[in-house]
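1. Following is a predicted model, sequence given first.
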Amino acid sequence: MDTFVSDSVSPPRVAMLGGTFDPVHLGHLRSAVELAEALDLDRVHMIPAQRPPLRGAPGLPGHQRLALLRLGIGDTPRLHADDREIHRDGPSYSADTLASLRDEYGEQARLVMALGHDAFLKLADWHQPQRLFALAHLVVLERPDHYQPLAPALRELIDGREVDDPAALFAAPAGGLLRLSLESRMAISATAVRERLRHGGSVRYLLPEAVEREIMALGLYRHER
């Protein structure tokens, strides 16, 4: 993995954006770009999960999903395809990944874990959810048209942590919660993309061109279980 070098005297602002990226699509990448802009981040680590604990096995092995992610990112500033979960044994627990990033960037870095609204609703069921806040801030990528009451365990977990803006969030290295609505909410589903590929449908303008070319060249997802 390449080494991050900051030219700023202030602590680096770094985000983890995890997922299966099965495959990476334009919604993933646009969200990462807008996240970096909205929070003035130095880097967004896009991290494919090898063994996601709360969902089934991905359609492609980790090394292929990582390769497609690298193709999709290309030379996009601030976005980084991170292989640390691909090379780690056992379930891909976010707390372990954040601990690795915290070791890498130091205790004063402003570290963020970004997650979608649906994942946020299940946060209390994650592995060591309190540890997530000890290591990082959580930024929930909101769905403006969606509201669902929070379960009691989730309300207890986030009690007293929520702030209203990035400045308040980054007053400390970790421990806060910010709900963030991104400008472009691209309703692209990796599940729907895989289904189209399996049945020979068009995925044009759903995937980066380089990703689409590689998938077609290798015949990926055509015989997905």
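-> Happy to help now that I have it.
2. quick one: Phe21 from Arg194, how far?
-> 12 Å (C-beta to C-beta, to the nearest Å). (Each C-beta comes from the backbone N, C-alpha and C, glycine too.)
3. and the two? which has more neighbours close in?
-> Ranked by neighbour count (other C-beta atoms under 10 Å), Phe21 and Arg194 place Phe21 first, with 25 against 21.
4. So what pairs up with the residue most central in space within the chain in the strands?
-> For the chain, the residue lying nearest the average C-alpha position, counting by C-alpha atoms, centre = their mean, turns out to be Leu17 (2.0 Å). Beta-bridge pairing for Leu17 (DSSP bridges): Met46, Ala114.
5. Would you state the helices of the chain in chain order?
-> Taking DSSP state H as the test, the helices found in the chain are 26-39, 62-73, 94-105, 117-121, 129-135, 152-158, 166-169, 190-198, 209-218.
6. What's the local residue count around His87?
-> His87 has 11 neighbouring residues, counting by other C-beta under 10 Å.
7. no, scratch that, I was asking about Leu29
-> For Leu29, the count of nearby residues is 23 (other C-beta under 10 Å).
8. give the contact list for the residue lying closest to it once chain neighbours are set aside.
-> Take Leu29 and drop its neighbours on the chain: the residue closest to it by C-beta to C-beta, 6 or more residues apart in numbering is Gly72, 5.7 Å away. Contacts here follow C-beta atoms under 8 Å, 6 or more residues apart in numbering; on that basis Gly72 touches 24-25, 28-29, 207-208, 210-211.
9. Write a PyMOL command that selects only the buried members of the residues you listed.
-> One line in PyMOL is enough to select the buried members of the contacts of Gly72, burial here meaning 16 or more other C-beta atoms under 10 Å:
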select buried, resi 24+25+28+29+207+208+211
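10. Pick out the most distant pair among the contacts of Gly72.
-> Farthest-apart pair in the contacts of Gly72 is His28 and Ala210; separation 14.0 Å (C-beta to C-beta).
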